[in-house]
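A.B. asks: Quick one, structure for this:
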Amino acid sequence: EFSILKGHKYASLVLDISNKQVLFLAIGRAMEDFIPFFSWYDKEFYRNIKYAAMDQNHTYAYYFKKQLPHVDIVSDRYHMTANFLKDVMDKVRLRIARKLRDEGDEEGYKMFKHANYLLFTPKMKDSSRAKTLSEFDGQLQLGRLMEMNEEISKASLLYHQLRALYEIRDEQVMRDEWEKWLCMCEQSGIAELVKFASKKRKYTEQIIMHAKYPVTSGIIEGCMNTIKVMKRAAWGFRDFEYFFLRIKYAFLPYKIKQEVKDKLFWNCSENL
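C.D. replies: So this is what the prediction gives:
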């Protein structure tokens, strides 16, 4: 889904991740807006769909499984890690920062307050192996942050373990490791981690499917950026039919685009 107007007005987009071709595009993101996708093509088309990569959107996942029971839903790494950083890492970091400020530790407060990007970086065993001076300084500061607070150290470790889970290509191994990871979160004693694990446990099957189909919706996120640039360059669109045509054209293969341009300009020259 992507925004088309202010005031939470959205459109829904379905792409073929193998070639970036637009399969379905409609105004709205509610169930009734998405249902037409399942009658848009012939039966053979839907039989050939094996999996669908998406964020953990209950509406889309529910209708995919209801209309196409044979399709496996894949919860990709991009949204999982983004959710972890937003719901766990940032909240733990800011909570610690506020606590240090209340205790009068202004230096510690500033360190945690401005460490949002630093905590995404894996900690090296030996900081001297850093390739640049800025990387070396970052590793020293990261080590200091993790020594100052046990909770942020646990959260950082579990974040990198979560990323490692998505490198597994065996379903059973990933299932076992995912269960271990959830248990570590639940036993961490950190409220944000416990809540995150409880929330994500119901998506277990979608997450495990990544071992079978190592795909990502990062492609569609890149396409969203292209759409945002188009909208910004035009200062918005009022004619959504034309806007959707522009989107479909933007993701056409280069050769087809050239054919369209040649045909269009040839017709123009004849009229002139």
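
A.B. asks: For the helix or strand residue 92 falls within, could you pull out the residues that count as buried?
C.D. replies: Following DSSP states H and E, one finds residue 92 within helix 90-102. Applying a neighbour-count criterion of 16 or more other CB atoms under 10 Å, the buried positions in helix 90-102 are 91, 92, 93, 95, 96, 97, 100. (Each C-beta comes from the backbone N, C-alpha and C, glycine too.)

A.B. asks: Can you give me the neighbour number for the nearest residue to the last one once chain neighbours are set aside?
C.D. replies: Pointing back at residue 100 there. Counting by CB to CB, 6 or more residues apart in numbering, residue 100 lies nearest to residue 108, which is 4.0 Å off, once chain neighbours are set aside. If you count neighbours by other CB atoms under 10 Å, residue 108 ends up with 19.

A.B. asks: start the count at 518, not 1, going forward
C.D. replies: Got it, first residue is 518 now, which makes that one residue 625.

A.B. asks: what helices or strands is the host helix or strand of residue 625 leaning on?
C.D. replies: Per DSSP H and E, residue 625 falls inside helix 623-630. With contacts taken as 3 or more CB pairs under 8 Å, 6 or more residues apart in numbering; DSSP states H and E, helix 623-630 sits against helix 607-619, helix 650-665.

A.B. asks: any idea which of the ones you listed scores lowest on pLDDT?
C.D. replies: Among the helices and strands packed on helix 623-630, helix 650-665 carries the lowest mean pLDDT, at a mean of 74.

A.B. asks: ok, then the element right after that helix?
C.D. replies: helix 667-682.

A.B. asks: any chance of the helices and strands packed on helix 623-630 in a markdown table, plus distance to residue 775?
C.D. replies: Output for these, formatted as a markdown table (distance: least, CB to CB, whole Å):
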| stretch | distance to residue 775 |
| --- | --- |
| helix 607-619 | 46 |
| helix 650-665 | 44 |
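
A.B. asks: and of those helices, who's closest to residue 570?
C.D. replies: Counting by CB to CB, residue 570 lies closest to helix 607-619 out of the helices and strands packed on helix 623-630; the figure is 24.9 Å.
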